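In: Only the shape, not the letters, is given here:
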């Protein structure tokens, strides 16, 4: 079988013959080839922005796997740039957090203009309630459960596991657990239940500011080995 036709799960596959694909310094996917348009009709400004030296700038952030398949990780417009000049694709970090945090409903990564990445964690109500009932804590409400030391210790372990899948500049150094869920009514979620990042950051501005305060009460994620947990 043609290797280009074989499935490469979690990727868009390998580039087709006659199509050149490369990753720019900032992680953007660039393509060129006979099947790529020469430009936008009657839109010279869009042309100059998207077509440079024959390469089409897709606006997607991606990476190649070891076997040469292309994985799309984020959109360039969503990239965070830390104060150290490093670009971070928040979706990549959020995916790592969610894959390692079974009780989480959402993770929102922040860090624009700051020296490191942090995260807002939203717990899943059903999972958290079930956990509480198994431990005789069913009388506690959602906000009280999120503040329990054992929940924070569990999330701390989960964040450390997620960090092992990330580059050093992508790792989450601090996080907070929100005391309520995100809602449609507040505009924090779209009708398809996707997170509206700007609205969440607006509503929890005081909390995000506290994360980066010089004497923040929010602890750093520790480096303690959790291999026994």
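Out: Cool, the structure landed. In this text, all values refer to a predicted model and were calculated from it rather than measured experimentally.

In: Residue 187 contacts residue 196, correct?
Out: Yes. Because the distance of 6.2 Å satisfies CB atoms under 8 Å, residue 187 is recorded as touching residue 196. For the C-beta atoms, the positions are set from N, CA and C on the backbone; glycine is no exception.

In: In the lengthiest helix in the chain, which of the residues would be classed as buried?
Out: When the chain is parsed with DSSP state H, its longest helix is helix 149-163. Neighbour counts using 16 or more other CB atoms under 10 Å place 151-152, 154-163 of helix 149-163 among the buried residues.

In: what's the domain layout of this structure?
Out: Recorded structural domains for the chain (assignment: automatic domain parsing) are 3-76, 79-211.

In: would JSON lines of those with mean pLDDT and distance to residue 220 be doable?
Out: Formatted as JSON lines, the domains of the chain follow (pLDDT from 0 to 100; distance: least, CB to CB, whole Å):
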{"stretch": "domain 3-76", "mean pLDDT": "84", "distance to residue 220": "25"}
{"stretch": "domain 79-211", "mean pLDDT": "93", "distance to residue 220": "5"}
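
In: any idea which of those domains is most buried?
Out: Comparing the domains of the chain by mean neighbour count (mean count of other CB atoms under 10 Å), domain 79-211 ranks first with a mean of 17.

In: sorry, back to before: let's have the buried residues of helix 149-163 in TSV, adding distance to residue 68.
Out: Formatted as TSV, these follow (distance: CB to CB, whole Å):
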residue	distance to residue 68
151	42
152	41
154	38
155	36
156	37
157	35
158	32
159	31
160	31
161	28
162	26
163	27
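
In: one step back: just put the domains of the chain in JSON lines and tack on distance to residue 219.
Out: Below are the domains of the chain laid out as JSON lines (distance: least, CB to CB, whole Å):
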{"stretch": "domain 3-76", "distance to residue 219": "28"}
{"stretch": "domain 79-211", "distance to residue 219": "7"}
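
In: out of those, which comes closest to residue 221?
Out: Closest of the domains of the chain to residue 221 is domain 79-211, at 4.9 Å (criterion: CB to CB).

In: For that closest one, what is the distance to the chain centroid?
Out: Here domain 79-211 shows a centroid-to-chain-centroid distance of 10 Å under the convention CA atoms, centre = their mean, to the nearest Å.

In: Span of it from start to end?
Out: Counting by CA to CA, to the nearest Å, you get 20 Å between the two ends of domain 79-211.

In: Same check on stretch 80-96?
Out: Span of stretch 80-96 from end to end, CA to CA: 16 Å.

In: swap in stretch 9-21?
Out: Across stretch 9-21, the terminal residues are separated by 19 Å (CA to CA).

In: neighbouring strands for the longest strand along the chain, and are they parallel or not?
Out: Using DSSP state E, we find that the single longest strand of the chain is strand 55-64. If you go by DSSP bridges, strand 55-64 pairs up with strand 28-33 (antiparallel), strand 51-52 (antiparallel), strand 70-75 (antiparallel).
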